[in-house]
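**Q** Sequence and predicted structure, then a few things I'm wondering about:
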Amino acid sequence: MRSPCCDNRGNNNKGAWSKEEDQKLIDYIRAHGRVCWRSLPKAAGLLRCGKSCRLRWINYLRPDVKRGRFEEDEEDLIIKLHALLGNRWSLIAGRLPGRTDNEVKNYWNSHLRKKLASMGIDPDNHRVIHNARLHRSHSSSNATRSSIDKSTNGLQNNSENGFRDDDDLNLDLTISLPSSQRTGSDHLQNTASRTLLLFP
DNA sequence: AACTAGCTCAACCGCATTCCT
DNA sequence: TAGGAATGCGGTTGAGCTAGT
């Protein structure tokens, strides 16, 4: 029905990007700005599909991409946001300047899932596993855990907001983007009355 | 030194959503 | 308003690296 967004006719490169390809993409975007991704590869002389170029730019080549280890406060923020938003990686990443959705997703799956599990918290729904052995010896784990307790249990028990104890955490939210990305229409709005301001 | 298991992360894939005519 | 094109998103894969045996 719909034609594939990438024509896999066999003349497109796949796999890791070479330095030359990176440079071509950087040079082209510097010269022309962000144009149509579909036409970019041809115009830039790249044997890649537009999707691949977009991903490479957003996740790796963008000048404002922050690389390296996640700070402890970033970890806590990811955990809190995941408790509220679920696997909405792009929304979570939008709250972490310089981080990409792919990076956050990878970090969640490789580090934070295990961290929460080791603390006796189900990483999928952020609820305490009652019969789990809790490891409270690690100080950062304690801090993280207590923050999660506040954010999740606090929500669950927030009767004045009308939340029931068994309310699902997959809430509808009103979320404003970081100021650098915000536009007049750039926000998600829910029609229900449950509005959580994630940050004051 | 050689092998293996586990981990990390860049990249791919397919579906969903938005945009445009 | 419908339908196709373009873009965005989240799940998954696999290559490369490292630690353990």
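**A** Yes, it's here.
**Q** Quick check: A:A83 vs A:D124, distance?
**A** 10 Å (Cβ to Cβ, to the nearest Å). Yep, even glycine has a C-beta here, placed from its N, CA and C like the rest.
**Q** These two - which one has more neighbours?
**A** More crowded of A:A83 and A:D124, by other Cβ atoms under 10 Å: A:A83, with 22 against 13.
**Q** Does the helix or strand the more buried one falls within reach DNA strand B?
**A** For A:A83, the host element (DSSP states H and E) is helix A:72-85. No - against DNA strand B, helix A:72-85 shows no contacts by Cβ under 7 Å from any atom of the strand, the least distance being 12.3 Å.
**Q** Please identify the buried residues of that helix?
**A** Within helix A:72-85, the residues that count as buried by 16 or more other Cβ atoms under 10 Å are A:74-85.
**Q** Pick the one among these closest to DNA strand C.
**A** Nearest to DNA strand C among those is A:L85, at 7.9 Å by Cβ to the nearest atom of the strand.
**Q** doesn't A:L91 make contact with the closest one?
**A** Yes - taking contacts as Cβ atoms under 8 Å, A:L85 lies within contact range of A:L91: 5.4 Å.
**Q** Please look at A:L61 and A:I26 and confirm they touch.
**A** Yes - counting by Cβ under 8 Å, A:L61 sits close enough to A:I26 to count as a contact (5.7 Å).
**Q** Just give me the neighbour total for A:K51.
**A** A:K51: 14 neighbours (other Cβ under 10 Å).
**Q** quick one, strands of chain A?
**A** A:121-122, A:127-128, A:175-176, A:187-188 (DSSP state E).
**Q** Just give me the lowest mean pLDDT stretch among those strands.
**A** Ranked on mean pLDDT, the bottom entry among the strands of chain A is strand A:187-188, at a mean of 34.
**Q** tell me how far the ends of stretch A:81-95 are from each other?
**A** Taking Cα to Cα, to the nearest Å, stretch A:81-95 runs 9 Å from one end to the other.
**Q** same question for that stretch, mean pLDDT?
**A** Confidence for stretch A:81-95, expressed as mean pLDDT, is 91.
**Q** How is chain A divided into domains?
**A** A:19-61, A:72-171 (automatic domain parsing).
**Q** Lowest mean pLDDT across these, which one is that?
**A** When I compare these, domain A:72-171 is least confident, with a mean of 69.
**Q** A:G33 and DNA strand B: what is the separation?
**A** Computed as Cβ to the nearest atom of the strand, to the nearest Å, the A:G33 to DNA strand B distance reads 15 Å.
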